[in-house]
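A structural model of the following input is requested.
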Amino acid sequence: MKPFAGVYTPIVTPFRDDDTVDEAGLRGNVRRWMASTLTGLVVLGSNGEAAQLDDDEADRVVAIARAEVPNGRPFLVGTGRESTRATIAATRRAAREGADAALVRTPGFFKSQMTGEVFTRHYTAVADASPVPVLLYNVTMFTGVNLPVDAVAALAAHPNIVGLKESGSDLAQIADYVARTPDDFTVLAGSATTYFHALCAGCDGGILALASLFPDDCVRLQALVRANQIDAARALQRRLTPIARTIGTAHGVPALKAALDLLGYAGGPPRPPLQRPPAAVVDTLRSQLEALDALPLVH
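Numbers count the residues shown, from 1 in each chain. Down below sits the predicted model:
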């Protein structure tokens, strides 16, 4: 079994209306996800609004979630920052709070200078200093930079770099990541709209916002592909794709949180400057959840 292969969800950070972290809501969410078939959780990913949190808030969120995740269920923490120094510091803090691995996004503020060589130096320094294994995190839609295949191939040789999350839908690049890395290097899909196709291209699972809403279906889709039940897997992908689009590139974290609220989780408002989605988007989400027979019964 590859390290950290499987299906995860990058959990939201629920806020109250006064913009403080809803700690009770966070605990309840984690307990509910841990009652599913998910492999584990990712805390402080993009969907956790990690870039919006202060360091003390981030550390508290990690500690709360860690207390609700049983030992043996992988617990990943997003620790990417713009500087190598800050990334190392965040990674060490996450390890102290019980992270099993760090998911480290690419820095992207100085876009024109983020070359493959720069990424290789950055990740090597982080992995050298990290007390826990490191997974690379390529999320071009937010960072505006792309982690080159050559850099990933070089970094995969580092003993403390064990995998990669690719959040884009470029299947050729995903296939290259799989082909150019060792057999024990884990490649995880991050786009729910192309999840089935990424699995067919060789991904070892996924880290999916969609899995916050439909954890067992996302796990089942991977199992169907592994069992070569391709028609059933394709049909499940088609069924899930409309809502995956709504909470993904169309409306993002605000829509994901609204969908969680509809399903009885603690979603809450996003942190400003993000805003709650318009009523029309919430209506779309409600219709999509109804079509999937997912809404809780109202007595």
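
next, give phi and psi for Glu166.
Main-chain torsions, Glu166, degrees, to the nearest 10: phi -110, psi 110.

one more: Gly78?
Dihedral angles (degrees, to the nearest 10) for Gly78: phi -80, psi 130.

how many neighbouring residues does it have?
Using other CB atoms under 10 Å, Gly78 has 29 neighbouring residues. For every residue, glycine as well, the C-beta is placed using N, CA and C.

surely it meets Ala99?
No. Contact status for Gly78 versus Ala99: not in contact, 9.5 Å apart, counting by CB atoms under 8 Å.

surely Asp184 forms part of a helix?
No. Asp184: not assigned to a helix; according to DSSP: H, G, I helix; E, B strand; the rest coil it is coil.

in space, what's closest to it - neighbours in sequence excluded?
Using CB to CB, 6 or more residues apart in numbering and skipping the chain neighbours, the partner closest in space to Asp184 is Lys2 (5.8 Å).

shouldn't the one you found be within a helix?
No. The assignment for Lys2, made by three-state DSSP, is coil rather than a helix.

separation between it and Tyr177?
For Lys2, the distance to Tyr177 equals 13 Å [CB to CB, to the nearest Å].

same check on Asn47?
For Asn47, the distance to Tyr177 - CB to CB - is 22 Å.

who touches the helix or strand containing Val118?
Using DSSP states H and E, Val118 falls within helix 116-129. Helix 116-129 is contacted from outside by 84, 87-88, 91-92, 102, 104, 106-107, 134, 136, 147-148, 150-151, 154-155, 158, 160-161, using CB atoms under 8 Å, 6 or more residues apart in numbering.

show me which of the residues you listed are buried.
With burial judged by 16 or more other CB atoms under 10 Å, the buried subset of these is 84, 87-88, 91-92, 102, 104, 106-107, 134, 136, 147-148, 151, 154-155, 160-161.

assumed Gln275 was part of a helix.
No. Using three-state DSSP, the assignment for Gln275 is coil, not a helix.

now Leu208. Nearest residue, chain neighbours left out?
Ala192 (4.8 Å).

tally of neighbours for that neighbour?
Neighbour number of Ala192 under other CB under 10 Å is 27.

so what's Ala89 up against?
Applying CB under 8 Å, 6+ apart, we find Ala89 in contact with Arg81.

next, count neighbours for Gly163.
Neighbour tally, Gly163, other CB under 10 Å: 26.

what's the pLDDT at it?
Per-residue pLDDT puts Gly163 at 98.

tell me what whichever helix or strand it is part of is packed against?
Using DSSP H and E, the element containing Gly163 is strand 161-166. Here strand 161-166 touches strand 134-138, helix 171-180, strand 186-189, going by 3 or more CB pairs under 8 Å, 6 or more residues apart in numbering; DSSP states H and E.

ok, then the element right after the shortest one?
So that's strand 186-189. helix 195-200.

tell me how far that next one is from the chain's mean position?
The chain centroid and the centroid of helix 195-200 are separated by 16 Å, computed with CA atoms, centre = their mean, to the nearest Å.

swap in stretch 62-73?
Worked out by CA atoms, centre = their mean, stretch 62-73 lies 16 Å from the chain centre.

likewise for stretch 144-161?
The chain centroid and the centroid of stretch 144-161 are separated by 18 Å under CA atoms, centre = their mean.

sort out for me which of the buried ones among the contacts of helix 116-129 are in strands.
Ala102, Val104, Val134, Leu136, Ile161 (DSSP state E).

need the per-residue pLDDT for the second one.
The per-residue pLDDT reported for Val104 equals 98.

residues contacting it?
Gly78, Thr79, Gly80, Thr87, Thr91, Tyr123, Val126, Val134, Leu135, Leu136, Tyr137.

no further queries at this time; thank you.
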